[in-house]
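Asker: Mind looking at a prediction? Sequence and model below.
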Amino acid sequence: MNRRSTKLVALGATVGLAALALAGCAPAGAGDGDSGDDTTITWWHNGTGEPLKSFWEDVAGEFEDEHPGVTVKVEAFQNEDLQRTLIPNALQAGGDAAPDLFMVWAEGEIAAQVEAGYLKDLSGLTEVVESVGASGTGWNVDGKQYGIPFRFGIEGIWYNSDAFEKAGITEVPTTFTEYGEAIDKLAASGVSPVGVGAADGWPAAHWWYQFAIKTCSPESLEKAADTLDFSDPCFVEAGENLKAWMDEFDGDLPFQSNPTSTPAQSVPNSSAGLLASQATAMELMGTWHRGEVAKLVPGAPAENPPAPEWLAWMPVPDIEGASGAPGAALGSGDAWGVYADAPDETLELLEYVMSEDVQTRFAATGEIPTVAGAEAGITDPVLKQIAEGTVNAALVVTWLDTQYGPVIGQAMNDAIVALMFGDGTPESVPEAMNAAAATL
C-alpha cells in the first residue's frame, strides 16, 4: 500500500490558524499528572464510534503495559469539533491544554500549525516515515515530516445496491451522463437519489471539488496550489459544469429536500442518517462513511454495528470531454501529529500506533491503513475496492479546503454552498477564494 504511484497536489503557502481563546477546562496535556518519573500522555482522535473507540483504548492500554509509569489518556471527539474547534483552540492556549498526540490534516492546515510552532519534527522516526511512503507527502512541510498518516483513501459515491436494483440500474455509471440517467431512474422509483449534508458546508463543497479536479488540468490544479491564485478559467468552468448538471433535473433533484438544513453525520436526520434509513440512495463521502452509516441504521446495535449488506461503493464518474485527468480522484487521509512540548514517550507511542501489527488490526476494524503489509488486515470487499482504487488512480488530489488552508477553505466552501443552493454564481467561487488569499 505504501508504494502507490500517487501524485498529491503540493501547497505553496502557509496560513495562520484562528486565534480563539479556549473555553472551559480542556483535557490536560503534556506533563499533567506527572509525579516523579511518571508521565501522562494525552491522545485525541475522532473515532467516537465502535469498534474504533475501543480499539484505540486497547492500543493505549497495551502501550501502558509495556511502559510502566506511563499513563495514556485517550479521548474521542466528533470530527468537526476536533478539527475546527478543539485542536485549534487547545494549540492556541498551549501548555497543559494542548494534547500530546492528536490528529493533523494535510497540506495547508498542517503548514499553518508548523508555522505557528505547534508540532514536533517527526523526520527522525525514519522507519515509520518510510513505512507510509508516498501517502505521507501531504504532511511534509519544507522537507520535514510533521504528520504520519494512519489511514488514506479516495472518496467515492456510497450507494444502496437494493435501490439500484429496484430502479432497474444494472451497471455502475462511469460518466456523468450515465450517472444522470441513474438519478432519473432512482427518482422514478420513489427514492430521493442523492443526500448531502450542506448544513456543514464541506459535504456540498466536495461536489464542486470533484467537478474542479475533473474540469481543470493537473497542471492548472498544481499551479493554483503553488500560487494560491485561482484566476484560471477552469475554476469558473467547474462551477458552470456543476450547475449545468444540477439544472438537468426537476425540482429539488438530484439532492434531497432542504439540504442546507441537513448536517453531515452522527445523527439520524443527517445525510448519513438519510442513507442509513434508505430515504436516499447515494452520498458522496470519504472512506470513513461506511462506519457512519452503519451506526445510524434503524435498529442497529449500539456496539459494533455491521454495515448493511446493501451499502456499496463506486468511484465518482468522469465528465465527458473535460480537461481533467481521466480517473482523477479526490482523497487524502488522517494523520498523527505530536505537540512541540509533548514528552519524549509520545514518540514511542506513535511508533507503536504505526507498527505493522497495530495497523493490521486497525485495518480489520474497517479502515484502509498506510503501513506496508498492513493491507493484509483488510477483509471487507468494499474497502479492498477503495484501496485498489486509491492505488490505481491516475491522480489523487488532496481535499481542496485542507490543501488551500482554513482561510481560503472556509471562503470557498461558503461560496460553493451559495452556488449550489443560493444565489451564488460560478464566478463567485474563485472570486471568494482569491479574496481570501489576498488576506493572507
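Answerer: Noted; the coordinates are in hand.

Asker: all strands of this structure, in order?
Answerer: 39-45, 70-76, 101-104, 140-141, 144-145, 148-154, 156-160, 192-195, 280-285, 311-314, 329-338, 396-397 (DSSP state E).

Asker: Mind checking those strands for the one nearest to V358?
Answerer: Among the strands of the chain, strand 148-154 comes nearest to V358, with 9.0 Å by Cβ to Cβ. Backbone N, C-alpha and C define where each C-beta goes, glycine included.

Asker: Each with direction, which strands does the closest one pair with?
Answerer: Strand pairing for strand 148-154, determined by DSSP bridges: strand 329-338 (antiparallel).

Asker: So what angle separates the directions of the partner strand and strand 156-160?
Answerer: Orientation check (axes from the mean of the first three to the mean of the last three Cα atoms, to 10 degrees): strand 329-338 against strand 156-160 gives 110 degrees.

Asker: Convert strand 329-338 to CSV, retaining C-alpha atoms only.
Answerer: Output in CSV follows, covering the C-alpha atoms of strand 329-338 (Å, rounded to 0.1, in the frame of the first residue of the first chain):
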residue,chain,number,x,y,z
ALA,A,329,-9.8,11.2,-7.6
LEU,A,330,-10.2,13.3,-4.6
GLY,A,331,-8.9,12.0,-1.3
SER,A,332,-6.4,12.1,1.5
GLY,A,333,-6.2,10.6,4.9
ASP,A,334,-5.8,11.3,8.6
ALA,A,335,-2.5,11.6,10.3
TRP,A,336,-1.0,11.8,13.8
GLY,A,337,1.0,14.8,14.9
VAL,A,338,2.9,15.4,18.1
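
Asker: Now do the buried residues in it.
Answerer: In terms of neighbour count (16 or more other Cβ atoms under 10 Å), strand 329-338 has its buried residues at 329-338.

Asker: ditto for stretch 210-220
Answerer: Neighbour counts over stretch 210-220 (16+ other Cβ under 10 Å) mark 210-218, 220 as buried.

Asker: Which residues does it contact?
Answerer: 7, 221, 224, 232, 234-235, 237-239, 241-242, 245, 284, 316, 318-319, 322-325, 328-330, 395, 397, 400 (Cβ atoms under 8 Å, 6 or more residues apart in numbering).

Asker: Nearest to E115 among the buried residues of strand 329-338?
Answerer: Nearest to E115 out of the buried residues of strand 329-338 is G337 (Cβ to Cβ; 13.6 Å).

Asker: That closest one - nearest residue in space that isn't next to it in sequence?
Answerer: V104 (3.5 Å; Cβ to Cβ, 6 or more residues apart in numbering).

Asker: check contacts around that neighbour.
Answerer: 110, 113, 119, 139, 146-147, 335-337.
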